[in-house]
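**Q** here's a sequence, model it:
(one chain, ligands or ions: 2)
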Amino acid sequence: MWTHGEESLKRLHDDINKFHPTIRLTMDYSPKSVAFLDTLVSIKDGHLSTSLYRKPTDNLMMLHFSSFHPKHIKEAIPYGQALRVHRICSDEEERNRHLQTLKDALVRTGYGTRLIDRQFQRATAKNRTDLLRRQIWDTTDRIPFVVQYFPGAEKLRHLLHSLQHVIDDDEHLAKVIPTPPLLAFKQPRNLKRTIVCSKLPSLQNSDHDTTQPCHGNLCKTCQIIDMDTTITRENTTHQVRDTYSCDSANVVYLIRCRKGCPEAWYIGETMQTLRQRMNGHRATITRQECSLPVGEHFSSQGHSASDLRVSVLQGGLQDPRQRRIAEQKLIAKFRTHECGLNRDLGFMSHYIHPPPSGLRTPTNCPGLIQFTPL
Ligand SMILES: [Zn+2]
Ligand SMILES: [Zn+2]
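**A** Residues are numbered from 1 along each chain as shown. Ligands and ions are numbered 1, 2, ... in the order given. All right, here's what the predicted structure looks like:
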């Protein structure tokens, strides 16, 4: 509520808009009424009164009654909507006008008038003063029993109750599940989720979407940069979606062997620059560290550090967890732990038995590669 007159209100608006060149605030004001969220507050006879505010674009779309949803959800819609109208409107006449609009919309959406009237009655019978108080919802510690909804699912509720004695008979289970589990439904895959994909279609790559040499005087990584935009292994491809260089940090990268050894694929992640990381790999090769897969392959017979080829697969991954997830996804995509130099799956290794170790025999890599285990 502004009590200092229109002129000073406009002055305030001007002042706050001078605060920062890119922040623009708009102002809606009126001496009679103002809308906030779904409430319209007006001054009537010196008092504030509230009513439901609907945006001009609101066409009262609601879940259709023939929709594949549990009965209680469809019953809750007229009730919940009526409750909202009842709570917001301070004037009864105004409330009834909004309820009539709501009823018309519900009828158009397939709801029966008897159901609507019953739920409206339930809602309006509530004491409005109570509704305006902050609601504290009852919580339950009953264990949920979650199933995908299907028309016969309601029968499960009865089944859960009637079989509770089996749990009660067991001393341990009776402690863990003292009351019948709460039947909860989750939505099955509907038509929309089946046919609509919210992912944007892949755009045509620009020629610059590659890893490029930095041309630094002392940079040793420039010589081993692999400038492919599309990286392909068997039927799997990966598009590089940005421009990277030896200076790119927080990336997932791919090492391959210049000699074309099919098994020599290594995917790694780093917060360092690609150059720093490659210097690290190069050091393991020089030291012939056979405990590390990259060191082992590139110091094996006929190989040297100059056989390294590297490209960035994905970048902009500042968050270490996101980076590791991206790395694991790419390892799984290109199967570089089954047929490649990735020896462990990092934090995923706890979930995989037996833990993958080193290079596998070709029989473990059907069709992909033929090589002799080292
Ligand atoms: Zn470079
Ligand atoms: Zn090789």
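**Q** who in the protein is up against ligand 2?
**A** 257, 259, 261, 264 (CB under 5 Å from the ion). (Glycine included, C-beta is placed from N, CA and C.)
**Q** cutoff 8 Å now
**A** Within the chain, the positions adjacent to ligand 2 are 257-261, 264, 297-298, 300, 302-303, 307 by CB under 8 Å from the ion.
**Q** helices - which of those land there?
**A** 297-298 (DSSP state H).
**Q** now, which of the residues of the chain next to ligand 2 sits nearest H281?
**A** F298 (8.0 Å; CB to CB).
**Q** how about K71: what's its closest non-neighbour residue?
**A** E154 (7.6 Å; CB to CB, 6 or more residues apart in numbering).
**Q** from F185, how far out is that neighbour?
**A** From E154 across to F185, the span is 10 Å (CB to CB, to the nearest Å).
**Q** quick check: neighbours shared by those two?
**A** Common contacts of E154 and F185 (CB atoms under 8 Å, 6 or more residues apart in numbering): P70.
**Q** which one of those two has more residues nearby?
**A** F185 (19 against 14; other CB atoms under 10 Å).
**Q** D130 versus that one, what's the distance?
**A** Distance from F185 to D130, by CB to CB: 29 Å.
**Q** one more: T57?
**A** Taken as CB to CB, the span from T57 to D130 is 32 Å.
**Q** so if I had to pick from these two, which one is more boxed in?
**A** A count of neighbours by other CB under 10 Å puts D130 above the other of T57 and D130, at 9 against 5.
**Q** ok but the more buried one is inside a helix, no?
**A** Yes: remark: D130 belongs to a helix, assigned using DSSP: H, G, I helix; E, B strand; the rest coil.
**Q** OK, contacts around it?
**A** D130 touches nothing, counting by CB under 8 Å, 6+ apart.
**Q** now the nearest residue to G315 once chain neighbours are set aside, what's its secondary structure?
**A** The shortest distance from G315 to any non-neighbouring residue, by CB to CB, 6+ apart, is to V251 (4.3 Å). Following three-state DSSP, we place V251 in the strand state.
**Q** now do V251, the pLDDT please.
**A** The per-residue pLDDT reported for V251 equals 96.
**Q** what residues does the stretch 101-250 of the chain have near ligand 1?
**A** 213-216, 219-222, 225, 245-247.
**Q** can you tell me which of those residues are in strands?
**A** S245 (DSSP state E).
**Q** and the residues of the stretch 101-250 of the chain next to ligand 1 as CSV, adding neighbour count?
**A** Listed next are these as CSV, based on neighbours: other CB atoms under 10 Å:
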residue, neighbour count
P213, 14
C214, 18
H215, 9
G216, 13
C219, 18
K220, 15
T221, 24
C222, 16
I225, 22
S245, 20
C246, 24
D247, 13
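**Q** what is the nearest of the residues of the stretch 101-250 of the chain next to ligand 1 to R335?
**A** I225 (24.1 Å).
**Q** dump the helix or strand of the chain with the lowest mean pLDDT to PDB, restricted to CA.
**A** Lowest mean confidence among the helices and strands of the chain (mean pLDDT, DSSP states H and E): helix 191-195, at a mean of 81. Taking C-alpha atoms only, helix 191-195 is exported to PDB below (Å, rounded to 0.1, in the frame of the first residue of the first chain):
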ATOM      1  CA  LEU A 191       0.800 -40.500 -25.100                       C
ATOM      2  CA  LYS A 192       2.400 -37.100 -24.600                       C
ATOM      3  CA  ARG A 193       5.500 -38.600 -22.900                       C
ATOM      4  CA  THR A 194       5.700 -41.200 -25.600                       C
ATOM      5  CA  ILE A 195       5.600 -38.800 -28.600                       C
END
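**Q** how about that helix: buried residues?
**A** Under the neighbour-count criterion of 16 or more other CB atoms under 10 Å, helix 191-195 has nothing buried.
**Q** which strands or helices does that helix pack on?
**A** On a contact count with 3 or more CB pairs under 8 Å, 6 or more residues apart in numbering; DSSP states H and E, helix 191-195 meets no helix or strand.
**Q** now do that helix: distance to the chain's middle.
**A** Distance of helix 191-195 from the chain centroid (CA atoms, centre = their mean, to the nearest Å) equals 17 Å.
**Q** could you look up the SS state of R189?
**A** Strictly by three-state DSSP, R189 counts as coil.
**Q** got the confidence number for it?
**A** 80.
**Q** measure it to ligand 2 for me?
**A** 45 Å (CB to the ion, to the nearest Å).
**Q** so where's the chain shaky on pLDDT?
**A** 199-207, 344-374 (pLDDT under 70).
**Q** which non-adjacent residue is nearest Y244?
**A** Y244 sits nearest to V312 (CB to CB, 6+ apart), 3.8 Å away.
**Q** next SSE after the helix or strand encompassing R95?
**A** Using DSSP states H and E, R95 sits in helix 92-108. The first helix or strand that comes after helix 92-108 along the chain, using DSSP H and E, is helix 113-124.
**Q** buried residues, that following helix. List them.
**A** Quick answer for helix 113-124 (16+ other CB under 10 Å): 115-116, 119-120, 123-124.
**Q** nearest to N17, of these?
**A** A123 (42.8 Å).
**Q** now do the contacts for that closest one.
**A** Counting by CB under 8 Å, 6+ apart, A123 has contacts 79-80, 82-83, 85-86.
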